[in-house]
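Participant: turn this into a structure:
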Amino acid sequence: MESVALSPLFGTEFRGVDSLADDAVVARVTEALKWRGVVLIRGLHLDNDAQIAFSRSLGELVKPLPNEEIMTVSLDPEKTVAAEYLKGTFSWHIDDTTNKVPAKATTLTARQIAEEGGGTEFASTYAAYENLPEHEKKRYEKLRVVHSFEAAQRTVYPDPTDEQVALWRTLPRNESSLVWERRDGRRSLVIGATADHVVGMDPDESRKLLDELLAWTTQERFSYLHEWEVGDLVMWDNTGMLHRAQRYDSKSERLMQRTTIVGDEAWA
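Facilitator: Below is the predicted model of the structure:
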């Protein structure tokens with residue numbers, strides 16, 4: 001089992017992995033998730049049971065539906081009830097920003113891939129924060145951001161109906177620090193499509209700041225694009241990695257299976 005960096009600042013690919021039912025493999029993956037943020041293992045071709053079993057070794061699993069621990073990712077409404085919602089994944093985001101405690105990590109396996117597009121991009125909010133000029137770090141450290149489902153959906157539907165807006169506003173909002181200092185001392189930025197506004201700031205100034213930070217964080221040196229192959233397993237630290245799907249045809253056969261590991265640290 002060898003490891004290769006996916007990018008200079010984050011991400012690890014493990015090669016020579018024959019089985020995930022190995023405590024040593026789980027230990028190395030867990031360590032890489034924490035310190036490298038994204039982990040890739042190609043050619044595993046996990047079925048649902050194997051993906052769930054491995055994911056449980058990383059922690060308790062979120063149930064997207066009652067009695068289910070795995071979610072189908074597709075834009076085909078015949079394959080998943082979440083097809084319409086998943087259009088929002090084309091925008092940079094962190095999952096669970098509207099919850100008090102975000103998911104710890106996510107695993108995704110490729111069962112079918114798109115002929116064009118459909119890659120997954122990641123950007124490290126740890127690296128982006130660490131490389132900010134000191135005066136900007138000081139400017140951001142006391143700011144707080146409100147996150148909402150509405151803000152994310154407006155990236156998909158810029159001219160929503162009254163009914164859509166009313167539905168979005170029934171869902172919870174959450175406030176977090178813009179710079180999240182973890183209990184282990186590391187710091188990262190809490191931004192992305194759900195970032196609605198900075199508390200107490202003029203709306204236009206707030207939008208400009210959030211857009212500038214997103215552009216900073218998603219620049220090439222802090223980013224990695226994963227081009228999927230059937231059978232790939234990719235995992236990421238949901239708390240510190242922005243991610244998004246590259247656009248692909250909604251009629252594409254692209255099909256992924258996702259598990260989500262329950263978080264254990266609340267937003268600051």
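
Participant: so Val234 sits in a strand?
Facilitator: Yes: with DSSP: H, G, I helix; E, B strand; the rest coil as the criterion, Val234 is part of a strand.

Participant: show me what contacts it?
Facilitator: Shown in contact with Val234 (C-beta atoms under 8 Å, 6 or more residues apart in numbering): Val38, Val39, Leu40, Thr107, Leu108, Thr109, Thr120, His226. Where you see a C-beta, it was placed from the backbone N, CA and C, and this is true even at glycine.

Participant: for Ala110, phi and psi?
Facilitator: phi -100, psi 120 (degrees, to the nearest 10).

Participant: before we move on, what about the one 10 residues further on?
Facilitator: In terms of degrees, to the nearest 10, the main-chain angles of Thr120 are phi -120, psi 130.

Participant: leaving out the residues flanking it, which one is nearest to it?
Facilitator: His226 (4.8 Å; C-beta to C-beta, 6 or more residues apart in numbering).

Participant: you'd agree that neighbour is up against Phe122?
Facilitator: Yes: the pair His226 / Phe122 is scored as a contact, 7.1 Å apart, by C-beta atoms under 8 Å.

Participant: hmm, back to that, which ones are touching the residue nearest to Thr120?
Facilitator: Here His226 is in contact with Leu6, Val38, Leu40, Gly119, Thr120, Glu121, Phe122, Asp232, Val234 (C-beta under 8 Å, 6+ apart).

Participant: let's see it at 7 Å
Facilitator: Going by C-beta atoms under 7 Å, 6 or more residues apart in numbering, His226 touches Leu40, Gly119, Thr120, Val234.

Participant: I'd like to know how many residues surround Gly192.
Facilitator: When neighbours are counted by other C-beta atoms under 10 Å, Gly192 registers 27.

Participant: distance of it from Pro102?
Facilitator: 11 Å (C-beta to C-beta, to the nearest Å).

Participant: what touches both of the two?
Facilitator: Counting by C-beta under 7 Å, 6+ apart, the residues touching both Gly192 and Pro102 are Ile94.

Participant: thanks again, I'm all set now.
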